[in-house]
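Visitor: The sequence isn't on hand, but the structure is:
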């Protein structure tokens, strides 16, 4: 045994006695190891968790909310900008990092002003960065309509190819939904991967979906998009061979005449049918919960709006939900419902929903229809608008287009103009004049939150039956139900019992009828 003369059992046992609960020992302080402090361990997350909610446990110690933990988990692995993945030296094998995808943005401007086109490209750049890309160049051109063959025209394709070669980009992202033929023609001519706006949004959704239902919805949308864009390369277009089943096509094949791409398309259809069955079962669970709220006459409020308008921040401010908050597009996809009460004790629910965006892919609307039904079935919609955005009116129009698509246009609406702390006062005044039934708030500072809550309570559906009852003191359960489900106009405690006047729904009014005055 080497170095046996330096080994002492007594010394080693003495060191183990000094171990604390975390597995560190003060007996090794002489080994020049750096001190491990909790503050040092959290330094990397300080920048990401500055704006998150921090709760407190029973002992009064700080405790991260569920949203803060989700945000820390999301930022636990980051792509490092500027590092190459190619190995140039064998000694670098342990230090390889993920490289950001380098992209060039391309748009076609068919209508609107130049400002509209620039805002659309800026939003596309934010989407690309959210998906984990580095934007190198962004160009757009004026056309009456996109070129049916290449989207941007033959001459511009050559210009894009030169830009890609000069910048070293590996992906081109187009600000629109490309037909399969346009996608194929662009990739053949530019010689790099081409992605359209729909595929980019689907990629972001796939990264951020957490729940089983959300992941199934995103996968369904991706498969529906992919089914029409399968492309055969080499053997994918050849006839199937091998095996003795189905004339040499192998198990699951339909004979030697079926190509590989046809087999792939058939398997995608099978997977789509399976996902739709699973989502139908999940929809049944959601419908059961919604029916239970209706049976107990609990009003529901849905928070909807453009992506990154501050819906989750507003939910946290109104209900202390503690959900994930991040300054990025589509940070949260899974709906969150919280139970809350009005100032006079009435119970209602408030739900956060997936954010909308211009030209929201039709596949996503169909896949997320069960989730978006939370908006259509709500008693009141809080339409959140980013007051600091360059084009808030465009955001409002885009969201209302989706409302119309999911049959939510007739739901009562309160326009909540968020981010008042960063918005131009002139823009806020313009929006207030354009939307009379609106309120200006700041979910970050708390400005206007009390006014928003007052508007919500005033617009909640009122019970339809008036009552005037004298309840014995032993019927405190009915008084509690009136507080939760009804509306109290007057309450007095007398010698005979509790005199209550107010409004209630039909079921509660029937239970109170025996005590009418």
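Guide: Noted; the coordinates are in hand. Predicted, not measured: the structure shown is a model, and the values here were computed from it. Residues are numbered from 1 along each chain as shown.

Visitor: Am I right that residue 116 is in contact with residue 394?
Guide: Yes - in this structure, residue 116 is within contact of residue 394 by Cβ atoms under 8 Å, at 7.2 Å. Backbone N, C-alpha and C define where each C-beta goes, glycine included.

Visitor: any idea which helix or strand carries residue 189?
Guide: Secondary structure from DSSP states H and E places residue 189 in helix 180-190.

Visitor: tell me which strands and helices that helix is in contact with?
Guide: Applying 3 or more Cβ pairs under 8 Å, 6 or more residues apart in numbering; DSSP states H and E, one finds that helix 180-190 makes contact with helix 154-167, strand 171-174, strand 193-196.

Visitor: Rebuild these as JSON lines, extending it with mean pLDDT, mean neighbour count and distance to residue 387.
Guide: Output for the helices and strands packed on helix 180-190, formatted as JSON lines (pLDDT from 0 to 100; neighbours: other Cβ atoms under 10 Å; distance: least, Cβ to Cβ, whole Å):
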{"stretch": "helix 154-167", "mean pLDDT": "90", "mean neighbour count": "15", "distance to residue 387": "35"}
{"stretch": "strand 171-174", "mean pLDDT": "92", "mean neighbour count": "24", "distance to residue 387": "28"}
{"stretch": "strand 193-196", "mean pLDDT": "90", "mean neighbour count": "21", "distance to residue 387": "30"}
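
Visitor: which one of those lies closest to residue 481?
Guide: strand 193-196 (54.1 Å; Cβ to Cβ).

Visitor: before we move on, back to that, avg pLDDT for the helix holding residue 189?
Guide: What helix 180-190 shows for mean pLDDT is 90.

Visitor: who touches it?
Guide: Residues from elsewhere that reach helix 180-190 (Cβ atoms under 8 Å, 6 or more residues apart in numbering): 146-151, 157-158, 160-161, 164, 172, 174, 178, 193-194, 196, 228-229, 231.

Visitor: Flag every buried residue along that helix.
Guide: 182-183, 185-186, 190 (16 or more other Cβ atoms under 10 Å).

Visitor: Of the residues you listed, which is the nearest to residue 351?
Guide: residue 183 (36.7 Å).

Visitor: how near is that closest one to residue 450?
Guide: For residue 183, the distance to residue 450 equals 51 Å [Cβ to Cβ, to the nearest Å].

Visitor: how about residue 417, phi and psi?
Guide: When read as degrees, to the nearest 10, the backbone of residue 417 gives phi -90, psi 100.

Visitor: actually residue 434, sorry about that
Guide: Note on residue 434: backbone dihedrals following degrees, to the nearest 10 are phi -80, psi -30.

Visitor: And the pLDDT for it?
Guide: Residue 434 carries a pLDDT score of 93 in this model.

Visitor: Could you measure from it over to residue 417?
Guide: To residue 417, residue 434 is 10 Å away according to Cβ to Cβ.

Visitor: again, but for residue 262
Guide: 52 Å.

Visitor: And for residue 291?
Guide: In this view, residue 291 and residue 417 are 34 Å apart by Cβ to Cβ.

Visitor: for residue 152, same thing?
Guide: Using Cβ to Cβ, we find residue 152 at a distance of 37 Å from residue 417.

Visitor: Those two: which is more packed in?
Guide: Taking other Cβ atoms under 10 Å, residue 152 and residue 417 do not tie; residue 417 has more neighbours (27 against 24).

Visitor: right, and the more buried one touches residue 439 too?
Guide: Yes - with contact defined as Cβ under 8 Å, residue 417 counts as touching residue 439 (7.0 Å).

Visitor: and residue 513, what does it touch?
Guide: Residue 513 makes contact with residue 467, according to Cβ under 8 Å, 6+ apart.

Visitor: burial measure for residue 273, as a count.
Guide: Around residue 273 there are 9 other residues, counting by other Cβ under 10 Å.

Visitor: element containing it, please.
Guide: For residue 273, the host element (DSSP H and E) is helix 260-295.

Visitor: Show me what that helix packs onto, helices and strands only.
Guide: helix 212-227, helix 369-376.

Visitor: and with 10 Å instead?
Guide: helix 212-227, strand 300-305, strand 336-341, strand 347-352, helix 362-367, helix 369-376 (3 or more Cβ pairs under 10 Å, 6 or more residues apart in numbering; DSSP states H and E).

Visitor: What residues sit buried inside the first one?
Guide: What that stands for is helix 212-227. Neighbour counts over helix 212-227 (16+ other Cβ under 10 Å) mark 213-226 as buried.

Visitor: ok, back up a step: give me the common contacts of residue 417 and residue 439.
Guide: Listed as contacting both residue 417 and residue 439 by Cβ atoms under 10 Å, 6 or more residues apart in numbering are 432, 448, 452.

Visitor: Make a markdown table out of the buried residues of helix 180-190 and add distance to residue 350.
Guide: Output for the buried residues of helix 180-190, formatted as a markdown table (distance: Cβ to Cβ, whole Å):
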| residue | distance to residue 350 |
| --- | --- |
| 182 | 43 |
| 183 | 41 |
| 185 | 48 |
| 186 | 45 |
| 190 | 47 |
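
Visitor: now, among these, which is nearest to residue 286?
Guide: Proximity of the buried residues of helix 180-190 to residue 286 was ranked by Cβ to Cβ; the top entry is residue 183 with 35.1 Å.

Visitor: Can you tell me which of the shared contacts of residue 417 and residue 439 are buried?
Guide: Buried among these by 16+ other Cβ under 10 Å: 448, 452.

Visitor: Looking at the shared contacts of residue 417 and residue 439, which one is closest to residue 304?
Guide: residue 452 (14.6 Å).
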